[in-house]
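# okay, sequence plus prediction incoming.
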Amino acid sequence: MRPDACHWLVSKLDIHPILIDIGASGAPPAIWEEIAQHSIYVGFDPDKREIQEVSKGRFHKAIIVNEAIISEKGSNQALFYLTKSPYCSSTLKPDSESLSNFLFSDLFEVEREAIVPAGTLDSVLDRLSLSRIDWFKTDSQGTDLRIFNSLREQVRSRVLAIDIEPGLIDAYVGEDLFVEAHRDLTQNGFWLSDLNIGVAVRMRRSTLREVIERDKNVNNAFVERTLKKSPVYCEARYFRTIESLAQGDFLKGDYALLWIFAILDNQLGFALDLAVEYMRIFGKDNLSQLMLDEPILRMRSQRGRLFDVAKFLLPIQVKRWLKNFSSRALHL
């Protein structure tokens with residue numbers, strides 16, 4: 001396996017992927033690390049409490065914009081709800097009635113409201129002289145879909161990858177839920193590559209207080225460890241479909257860049273689909289050869305690692321089986 005295949009390919013293409021990170025509390029997504037030095041990173045978040053400074057030299061270029069991204073045009077300010085947890089702050093008001101059924105409701109308690117600088121993503125792209133977005137990641141706390149759809153058509157229609165974090169419950173008043181976002185994106189040229197479910201204990205804090213009064217051995221940490229959790233939000237990743245690529249005016253570099261994104265997400269089957277399609281449209285070249293070879297090499301490497309793990313675990317399982325068998329035999 002070529003360890004720097006993505007690095008080599010981006011260098012060969014001489015492009016700088018544009019990575020947009022709306023809701024940039026915390027660090028940039030780890031999945032971008034392999035192409036970071038070639039990429040232009042733009043992070044947005046008006047809540048500065050958990051924004052980490054991007055280390056110098058990590059990206060080809062890194063820009064942090066301390067303002068809210070909104071979908072409505074014509075305003076340069078927005079009302080922002082600063083919550084107890086910076087990761088829950090939003091331009092939408094937390095839905096206290098819905099949240100009251102969950103133990104994590106205190107994270108959404110509004111500590112203060114503020115008027116913050118705001119703008120549409122189109123206006124910021126113009127300001128930064130950026131004409132495209134390659135990977136669009138947003139955790140806007142309730143407005144992911146509307147922000148994506150607010151992009152002008154010529155930018156939106158060329159986005160190759162999307163990461164969103166929509167809710168499965170009404171955590172905010174009028175938020176974009178997963179069912180709505182998934183339907184919209186899959187109907188407009190994207191397929192779901194990955195889905196992680198975020199969970200929380202469905203139990204009212206008032207109930208917990210009453211339980212604690214009755215049993216001093218019970219506390220919040222104990223309940224969080226022991227009670228079943230329910231789905232409340234999800235982290236969803238989408239890639240543009242090959243059919244959608246065929247319907248647009250996408251070039252060699254677009255196919256290769258989407259292939260790189262697929263490799264980063266370990267979607268090796270889709271990467272091979274892209275390699276075959278690339279070769280069918282553009283013919284055989286050094287890029288197509290790498291795009292075909294690399295996923296296969298990675299598949300073999302992963303198979304080898306699985307085999308090594310199996311060799312390690314099998315003797316342990318056999319020893320356990322023999323121990324249990326011997327124990328039962330003694331009681332016969």
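Structure's in. What do you need? From a predicted model like this one, the values you see are computed outputs, not experimental measurements. Residues are numbered from 1 along each chain as shown.

# send me stretch 66-81 as PDB with only the CA atoms.
Output of stretch 66-81 as PDB, limited to C-alpha atoms (Å, rounded to 0.1, in the frame of the first residue of the first chain):
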ATOM      1  CA  ASN A  66     -16.000  34.300  14.400                       C
ATOM      2  CA  GLU A  67     -19.500  34.900  13.100                       C
ATOM      3  CA  ALA A  68     -22.700  32.900  12.700                       C
ATOM      4  CA  ILE A  69     -23.700  31.500   9.300                       C
ATOM      5  CA  ILE A  70     -27.400  32.000   8.500                       C
ATOM      6  CA  SER A  71     -29.500  31.100   5.600                       C
ATOM      7  CA  GLU A  72     -31.500  34.300   5.300                       C
ATOM      8  CA  LYS A  73     -30.000  37.100   3.100                       C
ATOM      9  CA  GLY A  74     -30.000  40.800   4.000                       C
ATOM     10  CA  SER A  75     -28.800  40.800   7.500                       C
ATOM     11  CA  ASN A  76     -25.300  41.000   9.000                       C
ATOM     12  CA  GLN A  77     -26.400  40.100  12.600                       C
ATOM     13  CA  ALA A  78     -28.200  37.300  14.300                       C
ATOM     14  CA  LEU A  79     -29.600  36.500  17.700                       C
ATOM     15  CA  PHE A  80     -27.400  33.800  19.200                       C
ATOM     16  CA  TYR A  81     -28.400  31.600  22.200                       C
END
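
# average pLDDT for it?
Mean pLDDT, computed over stretch 66-81, is 89.

# contacts for it?
The set of residues external to stretch 66-81 that reach it, using CB atoms under 8 Å, 6 or more residues apart in numbering, is 22, 44-48, 51, 89-94, 110, 113-121, 123-124, 138, 140, 143, 146-147, 149-150. Yep, even glycine has a C-beta here, placed from its N, CA and C like the rest.

# which ones are touching the residue most central in space within the chain?
With distances taken as CA atoms, centre = their mean, the residue of the chain nearest its centroid is residue 163 (4.0 Å). Contact analysis of residue 163 by CB under 8 Å, 6+ apart lists 29, 135-138, 235-238.

# so what's it bridging to?
residue 137, residue 237 (DSSP bridges).

# is it true that residue 112 touches residue 84?
No: using CB atoms under 8 Å as the test, residue 112 is too far from residue 84 to be in contact (10.6 Å).

# more neighbours, these two?
The residue with more neighbours, out of residue 112 and residue 84, is residue 84; 14 against 8, by other CB atoms under 10 Å.

# so who does residue 232 touch?
102, 104, 167-169, 171, 198-200.
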